[in-house]
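Trainee: Compute the structure for the input listed below.
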Amino acid sequence: MPVTNRQIRLARRPVGPVRPEDWARTEEPVAAPEEGWFLGRTRYLSLDPAMRGWLDDRPSYLPPVGLGEVMRAGSIVEVVESAHPGYRVGEFVSGTFGVQEYVRSDGRGTHRVDPALAPLPTHLGALGMHGMTAYFGLLEVGALKEGETVAVSGAAGAVGSLVGQIAKLKGCRVVGIAGGPAKCAWLTGELGFDAAVDYQNEDVRRALRTHAPDGIDVYFDNVGGPVLDAALTRLAMHARVVVCGAISQYNNEQAVQGPANYLSLLVRRARMEGFVVFDHAARYREAAREIAGWIADGRLTAREHVVKGGVDDFPETFQMLFRGANTGKLVLELT
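Mentor: Numbers count the residues shown, from 1 in each chain. Model prediction:
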């Protein structure tokens, strides 16, 4: 049995960008699982923009991570010891276990993952919360219809890349907004988007006018800020704006920048709606089955950006999200 468990804990609440001193690296003894529990070794950690919001002490859809607590994170663990009748040594389990090498669990809030169905990192991305977010955000909140024009920001990220592909599968025109020529080329090449806008090197508003001349029916927003403002000027009549995230605003030291062009919603009789994927938990299996089928028949590409390292590498790897350094779902593999 392992002797110590290395962990990353929240040492102080960041103001603006997260800094190394906001984290504490700790170790604690590993205890054998008691009856009805299992011990798991972390294999993969999910790194997501939403984690930045969990560090702030303010009301949200989840309580903030407490000072001194192990950093909250989704992960996949391998069962290494078990006193639980439902979990066997060698099985893989997904749950919100936190940034640590070993976890003890009674099985609540977890589910088994099958590495034969898809590679383990895919269960944190397309077959995990990101796939569910893309699926329900686009099809339920966005009320997508065949033949519509969809624009998605953060299009080369874990959620955005799936949103665009699902929209294509549903017979829509798709415009992705991403940072840099390489990401844009990936969108229009491998993923089959109809057009891509490089927000780092293009005028987004002008580019959307070119690529969506009849307006945007569904805008799926992952970044907020100036990109959202540009998209609001290009809405079609009765458009739907899906608010999934706002990564451009998470590190603000001042108040979050709201949409300046919100009156477009009035003029275009459009609606703007936020959502949290947990609201659709009762239908996760339904969505996962359909997404797994798309992956199996080659109609949907699930891409994970896997960084190999240890628990101590979490703080620096987490920063990749805010530098735009990842393409697809960012995962830390504990080697």
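Trainee: what about stretch 132-145, how long is it end to end?
Mentor: Taking C-alpha to C-alpha, to the nearest Å, the span from the opening residue of stretch 132-145 to its closing residue is 19 Å.
Trainee: which residue ranges form the helices in this structure?
Mentor: For the chain, helices defined by DSSP state H occupy the ranges 50-53, 129-136, 160-169, 181-188, 204-211, 225-232, 264-267, 284-296, 314-323.
Trainee: so which of the ones you listed gets nearest residue 32?
Mentor: Comparing those against residue 32 with C-beta to C-beta, the closest turns out to be helix 314-323 (25.9 Å). Every C-beta, even on glycine, is put in place using the N, C-alpha and C of the backbone.
Trainee: contacts for the closest one?
Mentor: Outside helix 314-323, the residues within contact range by C-beta atoms under 8 Å, 6 or more residues apart in numbering are 8, 17-18, 20, 22-23, 45, 47-49, 51-52, 71, 99, 247, 250-251, 305, 307, 309, 326, 330, 332.
Trainee: Can you add mean pLDDT, distance to residue 75 and mean neighbour count and give the helices of the chain back as TSV?
Mentor: Shown next, in TSV, are these (pLDDT from 0 to 100; distance: least, C-beta to C-beta, whole Å; neighbours: other C-beta atoms under 10 Å):
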stretch	mean pLDDT	distance to residue 75	mean neighbour count
helix 50-53	94	12	19
helix 129-136	97	12	25
helix 160-169	98	20	26
helix 181-188	98	26	19
helix 204-211	98	35	18
helix 225-232	97	30	22
helix 264-267	97	39	13
helix 284-296	95	18	16
helix 314-323	96	11	17
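Trainee: Save those helices as CSV, and put in distance to residue 120 too.
Mentor: Written out in CSV, the entries for the helices of the chain read as follows (distance: least, C-beta to C-beta, whole Å):
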stretch, distance to residue 120
helix 50-53, 20
helix 129-136, 14
helix 160-169, 18
helix 181-188, 23
helix 204-211, 36
helix 225-232, 32
helix 264-267, 41
helix 284-296, 14
helix 314-323, 17
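Trainee: List just the one of those that sits closest to residue 146.
Mentor: So among these, helix 160-169 is nearest, using C-beta to C-beta, at 10.0 Å.
Trainee: Could you say which one of the helices of the chain comes nearest to residue 144?
Mentor: Among these, helix 160-169 comes nearest to residue 144, with 6.5 Å by C-beta to C-beta.
Trainee: now the angle between helix 129-136 and that closest one, please.
Mentor: With axes from the mean of the first three to the mean of the last three C-alpha atoms, to 10 degrees applied, the angle from helix 160-169 to helix 129-136 works out at 40 degrees.
Trainee: elements contacting helix 160-169?
Mentor: Helix 160-169 is packed against helix 129-136, strand 149-153, strand 173-178, strand 216-221, helix 284-296, with contacts defined by 3 or more C-beta pairs under 8 Å, 6 or more residues apart in numbering; DSSP states H and E.
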